[in-house]
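*Asks:* The following block contains a protein sequence and its predicted model.
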Amino acid sequence: MEYTVISNKKVCGKVKDDKLTRDDILSAGGSVEHLLAAGHIKAANAVKVTPAVKQEPQVTQQEEEVPVFNLDNEQGDKQPWQE
Amino acid sequence: MARIVLTNVDVEIAGVNLSDYISSVSLSSTYDVVETTAFGGGNVPAAAKTRQAGLVDNAVTFEFHQDFAAGAVEATIYPLLGTVAQIKVQPTNAAISVDSPQYVFNALISEWTPLNGAVGELATASVTWSITGPIVKDTTP
């Protein structure tokens, strides 16, 4: 992983906007976590987070009423197709 | 080499060069003196004490100018308190050579004074950190 120097100080022998790898930092006696926390470096491939596009609420279609067919009609009631 | 007036000492702490915030530096090594005097052997009595070097005790002292800005002194030193950090000190910022050796060591960041000074004075922090392990002197470019 690569890091970019954002500090005005020389960091591990590099100046502002120079790139550093974890190995560069460790071999120079530094710590990635410390340099990140102190604001000396930032991840070079950090993705810029953009706010998500607000989605419009989906229009839900009302379900059509399905006629219920009573196949076990013992009482002889009229079925819908018989009307 | 000629005498040297310190104007551009290079100091790197945990990978961060803070030279422009340091006005004074002192790197010291002191060996314990272990006495080895014994009775003389045979007809030769002991006439003088004898000694040899024991363990070495190394320390470094800095005078910092305080700065609370992001990526400056406070942001760099404060998180290191209580930890061991690698420090590199060189009398000049020229290439490493016999005339400008680099001293590399690990120091225990045991003290820090975030705020120190009187009215109208520069905020400074004077610290002495014990070195853990040896000091490595590098003269190879």
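*Replies:* Great, that's in hand.
*Asks:* all strands for chain A, in order.
*Replies:* Along chain A, counting by DSSP state E, strands occupy A:2-5, A:19-21, A:41-43.
*Asks:* Keeping just the C-alphas, turn the first one into PDB.
*Replies:* I take that to be strand A:2-5. The C-alpha trace of strand A:2-5 is given here as PDB (Å, rounded to 0.1, in the frame of the first residue of the first chain):
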ATOM      1  CA  GLU A   2       1.200   3.500  -0.800                       C
ATOM      2  CA  TYR A   3       1.000   6.600   1.200                       C
ATOM      3  CA  THR A   4       1.400  10.300   0.200                       C
ATOM      4  CA  VAL A   5       3.200  12.800   2.300                       C
END
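*Asks:* Run the contact check for it versus chain B.
*Replies:* No - Strand A:2-5 is not in contact with chain B by C-beta under 8 Å from any C-beta of the partner chain; minimum separation 9.5 Å. (Each C-beta comes from the backbone N, C-alpha and C, glycine too.)
*Asks:* Write out the residues of chain B neighbouring chain A.
*Replies:* B:12, B:14-18, B:70-72, B:75-76, B:79-80, B:85-88, B:104.
*Asks:* among the residues you listed, which ones are buried?
*Replies:* For the residues of chain B next to chain A, a burial check counting by 16 or more other C-beta atoms under 10 Å in any protein chain shown picks out B:12, B:14-18, B:71-72, B:75-76, B:79-80, B:85-88, B:104.
*Asks:* Could you list the low-confidence segments of chain A?
*Replies:* A:46-83 (pLDDT under 70).
*Asks:* for the helix or strand encompassing B:Ser29, packing partners?
*Replies:* Per DSSP states H and E, B:Ser29 falls inside strand B:22-35. With contacts taken as 3 or more C-beta pairs under 8 Å, 6 or more residues apart in numbering or on different chains; DSSP states H and E, strand B:22-35 sits against strand B:51-65, strand B:124-138.
*Asks:* Return the residues of chain A in contact with chain B.
*Replies:* Residues of chain A lying near chain B (C-beta under 8 Å from any C-beta): A:6-12, A:25, A:28-31, A:34-35, A:37-40.
*Asks:* Just the buried subset of those residues, please.
*Replies:* A:6-7, A:9-12, A:25, A:28-31, A:34-35, A:38, A:40.
*Asks:* Just the ones in helices from the residues of chain B next to chain A, please.
*Replies:* Residues of the residues of chain B next to chain A located in helices (DSSP state H): B:75-76.
*Asks:* Out of the residues of chain B next to chain A, which sit inside strands?
*Replies:* Per DSSP E, those map to strands at B:12, B:16-17, B:85-88, B:104.
*Asks:* No more questions from me, cheers.
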